[in-house]
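Engineer: Just a sequence and a predicted model for now, questions to come.
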Amino acid sequence: MAGISEWINQSLAQARRLWLFLDYDGTLADFAPTPEHVSPDPQIIGLLDGLVQYPHIRLAVISGRRLAHVEALVPVPGILLAGTYGVELRISGGERINRVEKGTVRPVLDALKPRWLQLIAGREGFSLEDKLWALALHARFADDDEAEAALAAARRMATEAVEEAHGDLFRLLGGHKFLEIGPQLAHKGRTVEYVLDRRPWSGALPLYLGDDDKDEEAFGVIKARGGIAILVSPEPRKTKADFRLASPQAARYWLATLPTRFGEQEL
């Protein structure tokens, strides 16, 4: 690990600029009690506001939350914000971009939503989140066996709904006691590609911090572009990342040191 850490330090020292991509929940902040819980953290806001002031750093926050939540959590001008894994964007100048038309996804979501609601009706520990472009079924507080059975049934329903639509517009995203259906572009890796291709920056080193399997999809893209991927996780696990930070607190501390690694460079 020490050798990897030194390699990262050398890569940062040699880079002229930094394109910094950050997940939010589990990476910058501890997980919220519920998906609808939006509580801006002054420490995180201050950190990001400080980073975005440096002309050699560009900053993006890419979250599975809907964009309105990300904007409330990160009320910092000059940062590219991506909601629903990048389906909806607010670029640093304030322009909003929806990469998928809601009218193309809502018929399937609207047909599936009542079926999922009926499935979890009366069950403790379940909730359904409608993100406009996606539906997410949460079972974080449900009994393990009941969660496994209900999510398996929900997956079958979602697969049937997609097959009935005769299209390849959708993907299913899993996770611990979690299932989501959304557009194919609800994909952090594709979002990173989209941003890097449309906002190229000569000499910039891409760097991504994230904590889960959705971020792993972005890690692969970052590595293919010659960048650095950092996992935020309390325990080691199989990952594409180059380095691991143990917690959101450790990630924030490490991020706060980044400007000093570029401060003496001529841009």
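Structural biologist: Ah, there it is.

Engineer: show me the contacts for residue 259.
Structural biologist: 50-51, 54, 57 (C-beta atoms under 8 Å, 6 or more residues apart in numbering). Where C-beta positions appear, they are placed from N, C-alpha and C, glycine not excepted.

Engineer: can you rerun that using 7 Å?
Structural biologist: The contact partners of residue 259, by C-beta atoms under 7 Å, 6 or more residues apart in numbering, come to 51, 54.

Engineer: where does it land on pLDDT?
Structural biologist: Residue 259 carries a pLDDT score of 83 in this model.

Engineer: Which strand or helix spans it?
Structural biologist: Residue 259 belongs to helix 258-262 when assigned by DSSP states H and E.

Engineer: Show me how far that helix is from its chain's centre.
Structural biologist: Distance of helix 258-262 from the chain centroid (C-alpha atoms, centre = their mean, to the nearest Å) equals 24 Å.

Engineer: Same question for stretch 101-118.
Structural biologist: Relative to its chain's centre, stretch 101-118 lies at 22 Å (C-alpha atoms, centre = their mean).

Engineer: do stretch 140-155 as well
Structural biologist: That offset, for stretch 140-155, works out to 23 Å (C-alpha atoms, centre = their mean).

Engineer: now residue 228: how far from residue 67?
Structural biologist: As judged by C-beta to C-beta, to the nearest Å, residue 228 and residue 67 stand 26 Å apart.

Engineer: Please give me every residue in contact with the residue nearest the centre of the chain.
Structural biologist: Central residue of the chain (C-alpha atoms, centre = their mean): residue 63, 3.2 Å from the mean position. Neighbour list for residue 63: 23-25, 70, 82-83 [criterion: C-beta under 7 Å, 6+ apart].

Engineer: ok, now with 6 Å
Structural biologist: By C-beta atoms under 6 Å, 6 or more residues apart in numbering, the contact list for residue 63 reads 24, 70.

Engineer: And it, how close does it get to residue 120?
Structural biologist: As judged by C-beta to C-beta, residue 63 and residue 120 stand 24 Å apart.

Engineer: following the helix or strand containing residue 20, which helix or strand shows up next?
Structural biologist: Assigned by DSSP H and E, residue 20 belongs to strand 17-22. Following strand 17-22 in sequence order, the next helix or strand is helix 42-52 (DSSP H and E).

Engineer: Kindly calculate the angle that the helix or strand following that following helix makes with strand 17-22.
Structural biologist: For helix 42-52, the succeeding helix or strand toward the C-terminus, using DSSP H and E, is strand 57-62. Here the directions of strand 57-62 and strand 17-22 differ by 20 degrees (axes from the mean of the first three to the mean of the last three C-alpha atoms, to 10 degrees).

Engineer: Right, I'll call it a day here.
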